[in-house]
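1. structure for the following, please:
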Amino acid sequence: MKSRTLKLREAHKVGGTAAAFCSILWDQKAEHFVTSSSSDPSISVHDGLSPSSSPPTILRHHQDGVTALALSQDSSFLASGSIDHCVKLYKFPSGEFQTNITRFTLPIRVLAFNGSGSLLAAAGDDEGIKLINTIDGSIVRVLKGHKGPVSGLDFNPNGELLASLDSNGTVLCWELQSGIVSYTLKGVAPDTGFSTSVVNILRWSPDGRILAVPGLRNDVVMYDRFTGEKLFALRGDHLESICYITWAPNGKYVATSGLDKQVLLWDLDKKQDIDRQKFEERICCMAWKPNSNALSVIDVRGKYGIWESLVPSSMVSPTVGIPDILPKRRNEILTFDEEMEEELSPSLNDDDDDDDDGASHQPSRKRIRRKTVIEDDVDPDEEFYDEGSSIPGYRKKSHGVRSGLPRNIARSTKFKMQKPFQPGATPPKQGKRTFLCYNMLGCITTIEHEGNYRIETDFHDTGRGPRVSSMIDIYGFTMASINESGCAFANPSKGEKNMSVLMYRPFRSWASNSEWTMRFEGEEVKVVANGSGWVAAITSLNLLHIFSEGGLQKHVISLDGPVVTATGCKDQLAVVTHVSDCLPSNEQVMEFRVLNISKMTQQLSGRVALTPGSHLTWIGFSEEGSFSSFDSEGVLRVFTSQYGGSWIPVFSTTKVNKQEENYWVVGLNTTSLYCIACKHPELFPQVTPKPILSILDFSLPLASSDLGAASLENEFIIKQLRLYETQRRVDDMAFAEVDTTAIEDEAFDLVFSQDRCILRLISSCCSRDKFVRAGELMRLKSLEKSMRAAITLVTKLKLPFLAEKFCSILEEKLLEEANEATENHPQNPSREVVKSKVQNCPAPVQTSENTEAVLKASAPKPSPTTLVRKAKVSEGLKLGKEQIKRDETDDVKKREVNKLNLMKNPVNSVYSDDKGLRKEANQQDARPSSNPFLKSIV
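-> The predicted structure is shown next:
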């Protein structure tokens, strides 16, 4: 049998070379799994549907490493034990802290819930096992009898028995109704001493008939539930002692991990191992996935993995034929018989005769049985039966044979929609300062102080914003939004008496008492945003409330779906909402709307693009006003009007090659992403020390090109996007009759920079013999001078055929501009002359003087919307000032023609045509021109 290798990923960091005991367990529906480590005080709740793309929820309530985890059978509560001697209870899967349910004087090693979740067993290095009522937190009983630290606890599925195992290898089986020891198995498991990384574990089979215990011969020994007699042992290829055992959901298979760093899969019917995995480190905990053929493992270094399809398809699936055990009701509390008080928790007598094979020691008193409690919702037509022995709790329907498929498999898995979040906010942490808002302007932080919260507002550039005094928060705000004018706050609803509150605090005002608050009855604020003269709040009723800066309620709008997030910038408000439930592939379906508050119009709308299996983590506007988003897979997208509205992925963390970092986005500009790098697995930055802002250049997820110029291709696409958006802004400003001089200058700089990038790409194409691609790039050039530079480049590279092609492309471009000018101004006779000269030109090479003449002849009255043409005109002006010298014109043309060596006709014919063109151009120059851009030439 060949061993396989499973790749693990880090869940918790274990420092140094020391080994730690790490835990992993699944919830009942296989929607979440939980991990912890004895070297880490935090607990991670992972998304079981997409663990690689969804960030885990981090619970930080312990002061020291977490040594034990337990989930109630209905997965409504999570319990954790730690080296700090505390047992804590949380709601699951939200992770909301409930209470410190009990304390010990020494570290805790193991926890276990009973079937109904009403009872929690806790034990460790202290003497005794505490049975705790999870409803009121009271300690029902302390079971004493072990002589060493207790490291293994497990309730029988029907809730009648509790099995415990200590580090000395002794097993006690407790009857919970009477509180006495049913039988004792002394010294049957390995002696682990006081090691915290190696523990003894025991497990009941899913049907409750067999108790599995690690044996002394690197095997697993199975004991009878009632008598404690040895039934059989699983002995295979483990070279060292077994340290963990877990049963398949249907009880037909067992997985064991050993100190030899192996995990073996056993077939109970054949009593032999059928598969195995070898690991670099010892696997200290395992958990079967409840509804699939998969096993989760975690090693002593805090790395976990999921062994998929471990049971061969030719064998019975581990999810088929799961026993349907009926535990006690949730509200039933364990009670003990009063007459048994004196017989509870007998101590072990060291003088008793011990059998080497682990014979059981049973009390002489007859074991007391209790009646099985039947839930109220049980069908009265159902009857309970024994299958070979009287085992209460098995259910058999009178109307037929029960299907072998478990109920949780029959139900289709439903993925959850993403919860609302505030951009730039971090989750609250008890006793620590957190961000309510963090953006490119500044940040708002809060910290609990003497029952209230203290809020502070800081600007990154102290000269840009006013100094804002700190504020005592009596509402418990959890979200905020900030801009140059003020900041808005909101808190969730905390019951009927504590309604959700929206508060706005302006930084400057001509009147006193300018702050205002709004209370929401029957609805809860989920997201807030503010802009130029407005404040917005979106509530749980899918209502968008818009207020003026002074607090006037201006609009109430019903949204199409539940809100995900929102953000504001000047007059723009962007809102993201859910369209429908998640797809079966766990893809969120969201849409966005960008509203102009001052004009009461909708500027943009569409679907939100997300990486498959990811969720939205940030939205915002760039410094230039482009709407952007960032998802949990590390992809930043910018929305553009290209192709009728598209998302462009301008950055991907896969190109950064820093897997140990997570990026928390703050903002962006035209070329860079501003973010805070958080060390894995942290997803949010800490307030103190002050986080350092990282600036990352845009890096598109491009395919690996055969050109070998990925950086140039990346630069080319980004500049192309910038130029397109700049042209669109100029069109909008021209339509609004706003001065566009400054932005036109910016556009010219972009055109020049883009042409320079294209020239470098052409050079790369020539070096790789990609001549067709070089020709396509030549057609993308905008400036004639840049096109001539490309012709010069390919000539120096001794590529005459490509130089000839480039010359023809230049000729076509000049001719196209001349034709366009003729169509726009048909009354100008010189344009026809220019057209005929360009068409009849025997050589494709034209000097800068020819270009200037063509531009003069074809230039209409300047329009602010034709940026590229204006760039060409400006190019002609610069060339005219620098190069037009009457006495040197012939020499310049001769040098250029000889240099290119591309003319098939006599050189004199080219000169004659050039002179004719220049003569006509000069005649055109002699006329008074109304074009202000050509005055310097005239």
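
2. pull up the gap between the nearest residue to residue 540 once chain neighbours are set aside and residue 567, please.
-> Nearest residue to residue 540, sequence neighbours excluded (C-beta to C-beta, 6 or more residues apart in numbering): residue 524, at 4.4 Å. To be clear about C-beta, it is placed using only N, CA and C from the backbone, and glycine gets the same treatment. Residue 524 sits 19 Å away from residue 567 when distances are taken as C-beta to C-beta, to the nearest Å.

3. neighbour count: those two, which is higher?
-> For residue 524 versus residue 567, the count of surrounding residues by other C-beta atoms under 10 Å is larger for residue 567: 27 against 16.

4. the more buried one belongs to a helix?
-> No: with DSSP: H, G, I helix; E, B strand; the rest coil as the criterion, residue 567 is strand rather than part of a helix.

5. who's it bridged to?
-> Note on residue 567: beta-bridge partners by DSSP bridges are residue 574.

6. isn't it right next to residue 628, touching?
-> No: checked against C-beta atoms under 8 Å, the pair residue 567 and residue 628 is beyond contact range at 9.7 Å.

7. what touches both of those two?
-> 619-621 (C-beta atoms under 8 Å, 6 or more residues apart in numbering).

8. of those residues, buried ones?
-> When neighbours are counted using 16 or more other C-beta atoms under 10 Å, the shared contacts of residue 567 and residue 628 contain these buried positions: 619-621.

9. now, among the residues you listed, which is nearest to residue 133?
-> Of all these, residue 133 sits closest to residue 619, with 46.0 Å by C-beta to C-beta.

10. which helix or strand contains the closest one?
-> Taking DSSP states H and E as the definition, residue 619 sits inside strand 616-621.

11. tell me the pLDDT at the most centrally placed residue in the chain?
-> Ranked by distance to the mean C-alpha position of the chain (C-alpha atoms, centre = their mean), the top residue is residue 632 at 2.3 Å. According to the prediction, residue 632 has pLDDT 91.

12. find the nearest non-adjacent residue to it, please.
-> Excluding its sequence neighbours, the residue lying closest to residue 632 (C-beta to C-beta, 6+ apart) is residue 614, at 4.4 Å.

13. repeat for residue 662
-> In this structure, residue 662 finds its nearest non-sequential neighbour in residue 678, 4.7 Å apart by C-beta to C-beta, 6+ apart.

14. report the secondary structure state of that neighbour.
-> Using three-state DSSP as the criterion, the local structure at residue 678 reads strand.

15. try residue 281
-> Here residue 281 is coil, with the state taken from three-state DSSP.

16. what of residue 6?
-> coil.

17. list phi and psi for the closest residue to it other than its chain neighbours.
-> With sequence-adjacent residues excluded and distances taken as C-beta to C-beta, 6+ apart, residue 6 is closest to residue 305, at 4.8 Å. The main-chain torsion angles of residue 305 are listed as degrees, to the nearest 10 and equal phi -160, psi 170.

18. I'd assumed residue 5 was in contact with residue 305.
-> No: in this structure, residue 305 is not within contact of residue 5 by C-beta under 8 Å, at 10.1 Å.

19. neighbour count for the two, which is higher?
-> Relative neighbour count places residue 305 above the other of residue 305 and residue 5, with 19 against 9, counting by other C-beta under 10 Å.

20. pLDDT score for the more buried one?
-> The pLDDT attached to residue 305 in the predicted structure is 92.

21. ditto for residue 673
-> Reading off the per-residue confidence, residue 673 sits at a pLDDT of 93.

22. cool, and residue 863?
-> You'll see residue 863 listed with a pLDDT of 39.

23. what do you get for the one 3 residues further on?
-> Taken from the predicted model, the pLDDT recorded for residue 866 is 41.

24. the one 10 residues further on now?
-> Per-residue pLDDT puts residue 876 at 43.

25. run through the residues that contact residue 301.
-> With contacts defined as C-beta under 8 Å, 6+ apart, the neighbours of residue 301 are 10, 14, 19-20, 281.

26. so where's this structure uncertain?
-> The model of the chain has pLDDT under 70 over residues 1-4, 325-414, 449-451, 465, 495-497, 657-659, 824-938.

27. residue boundaries of the helices in it?
-> Taking DSSP state H as the criterion, the chain carries its helices at 407-410, 710-735, 741-767, 771-779, 784-796, 800-824, 829-840, 848-858, 867-883, 889-900, 907-926.

28. tell me the angle the longest one makes with helix 800-824.
-> Following axes from the mean of the first three to the mean of the last three C-alpha atoms, to 10 degrees, one obtains 150 degrees for the angle between helix 741-767 and helix 800-824.

29. then the fourth one?
-> Using the same axes, to 10 degrees, the direction of helix 771-779 lies 30 degrees away from that of helix 800-824.

30. buried residues in helix 771-779, which are they?
-> Under the neighbour-count criterion of 16+ other C-beta under 10 Å, helix 771-779 has 771, 773-775, 777-778 buried.

31. re earlier: adding neighbour count and distance to residue 794, write the contacts of residue 301 out as CSV.
-> Conversion of the contacts of residue 301 to CSV gives the following (neighbours: other C-beta atoms under 10 Å; distance: C-beta to C-beta, whole Å):
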residue, neighbour count, distance to residue 794
10, 14, 52
14, 22, 60
19, 19, 65
20, 24, 64
281, 15, 59
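
32. any idea how far residue 135 is from residue 177?
-> Using C-beta to C-beta, one gets 19 Å for the distance from residue 135 to residue 177.

33. go on, residue 95?
-> 34 Å.

34. next one: residue 802
-> With the distance defined as C-beta to C-beta, residue 802 ends up 93 Å from residue 177.

35. more neighbours: these two, which one.
-> The neighbour count for residue 802 versus residue 177, taken as other C-beta under 10 Å, is higher for residue 802 (22 against 19).

36. OK, contacts around the nearest residue to that one once chain neighbours are set aside?
-> Nearest residue to residue 802 in three dimensions, chain neighbours excluded: residue 794, at 4.6 Å (C-beta to C-beta, 6+ apart). For residue 794, the set of contacting residues under the criterion of C-beta under 8 Å, 6+ apart consists of 762, 766, 774, 802-803, 806.
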